[in-house]
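Asker: Can you look at this prediction? I've put the sequence above it.
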Amino acid sequence: MKSHLLALALCAGSLGTAHAQQTGKPEDTEVYEPVPAVVMPGKTSSDAPSDALVLFDGKNLDQWVSTDTRTPAKWNVAGGVLTVNKAVGNIETKRSFGSYQLHLEWRVPANITGTGQGRGNSGLFLASTGKGDLGYELQILDMYQNKTYVNGMAGSIYKQVIPLANPARKPGEWQTYDVVWTAPVFGANGAVVTPAYATVFFNGVLVQNHTALTGPTQYIGKASYQQAHGPSPIKLQAHGDKSEPLSFRNIWIRELPATK
């Protein structure tokens, strides 16, 4: 009997709440400001929208420098394509970025040789935190019928997070990364307030879903946040493997509001 009375009371309470909501006006929950900025999309998914900064348009490397020397980047540009020059090392953007949306296309040569990590290896460092291979690495690697450790395959946050799928195309075909990067936030004492997050679409397939990173990439040992940092350059890796160098095109970025 008590349970029956309790059920009736709960039902009456919910009806009362619904009635109170119905007595309000639709206008009570309509918001008109701030008005989002108008952004014209590109004609295709590869084209930069109107508010993007184009980092590589097929013509020059004006937006890039050598990571180690901060001198003008010296990778090879020809036919609208940027090709890695392993002899001169990594390159990174002149500008530093906090949170952003990034589009980048990459291609492993059709005549690629090697196996495992020695097959079209490079990396997109979502935030470069120093010289050499320091930063948060999204792995680039030929993954078409090529076996390697799964936290080192294309679409992985290198040595941290396995991708949700392997949508790699054949060597010689263009591959696409679309990334949403949420920069980490550090407190006044250098402690992590919120970690970095990465959402990654690989050839249109979600492979990292708002993935929390445990720190910058470590080749040996587990990643951790050892030092606070602010906005950082974006880096492309000239990996030291002996396979044929890969290429990039259509790189653009949209800066996003800082995490609150």
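Answerer: Received it, and whenever you're ready, just let me know what you need.
Asker: C-alpha from now on. contacts and neighbour counts both.
Answerer: Will do.
Asker: so what's Gly135 bridging to?
Answerer: Ser128 (DSSP bridges).
Asker: Then Ile251?
Answerer: The partner residues for Ile251, given DSSP bridges, come to Phe56.
Asker: Buried residues, stretch 40-57. List them.
Answerer: 46-49, 52, 54-57 (16 or more other CA atoms under 10 Å).
Asker: what would those look like in a markdown table with distance to Gly123 and pLDDT?
Answerer: Converted to a markdown table, the buried residues of stretch 40-57 look like this (distance: CA to CA, whole Å; pLDDT from 0 to 100):
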| residue | distance to Gly123 | pLDDT |
| --- | --- | --- |
| Ser46 | 20 | 87 |
| Asp47 | 22 | 91 |
| Ala48 | 22 | 92 |
| Pro49 | 25 | 94 |
| Ala52 | 22 | 96 |
| Val54 | 19 | 97 |
| Leu55 | 16 | 98 |
| Phe56 | 16 | 98 |
| Asp57 | 20 | 94 |
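Asker: Contacts only, for the closest residue to Tyr197 other than its chain neighbours.
Answerer: Leaving aside its sequence neighbours, Tyr197 sits nearest to Ala212 (CA to CA, 6 or more residues apart in numbering; 4.5 Å). Going by CA atoms under 8 Å, 6 or more residues apart in numbering, Ala212 touches 195-198.
Asker: Would you confirm that Glu27 belongs to a helix?
Answerer: Yes - counting by DSSP: H, G, I helix; E, B strand; the rest coil, Glu27 is found in a helix.
Asker: got a list of what Pro257 touches?
Answerer: Ser99.
Asker: Please read the previous query as pertaining to Gln208.
Answerer: With the criterion set at CA under 8 Å, 6+ apart, Gln208 makes contact with 155-156, 163-164, 198-201.
Asker: where's it, which helix or strand?
Answerer: strand 205-212 (DSSP states H and E).
Asker: Beyond that strand, next helix or strand please.
Answerer: Next along from strand 205-212, by DSSP H and E: strand 235-236.
Asker: and that next one, what does it pack onto?
Answerer: Secondary-structure packing of strand 235-236 (3 or more CA pairs under 8 Å, 6 or more residues apart in numbering; DSSP states H and E): strand 91-93, strand 122-130.
Asker: ok so, going back, would you mind listing the two of the buried residues of stretch 40-57 that lie farthest apart?
Answerer: Distances among those were taken as CA to CA; the most separated pair is Pro49 and Phe56, at 14.0 Å.
Asker: Okay, and which of the contacts of Ala212 map to strands?
Answerer: 197-198 (DSSP state E).
Asker: Is it possible to get CSV of the contacts of Ala212 that adds pLDDT?
Answerer: Shown next, in CSV, are these (pLDDT from 0 to 100):
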residue, pLDDT
Pro195, 97
Ala196, 98
Tyr197, 98
Ala198, 98
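Asker: contact partners of stretch 150-157?
Answerer: 117, 136-143, 158-163, 166, 168, 200, 202, 207-208.
Asker: ok so, going back, out of the helices and strands packed on strand 235-236, deepest packed?
Answerer: Among those, the stretch with the highest mean neighbour count (mean count of other CA atoms under 10 Å) is strand 91-93, at a mean of 25.
Asker: Direction included, what does that one pair up with?
Answerer: strand 64-66 (antiparallel), strand 235-236 (antiparallel).
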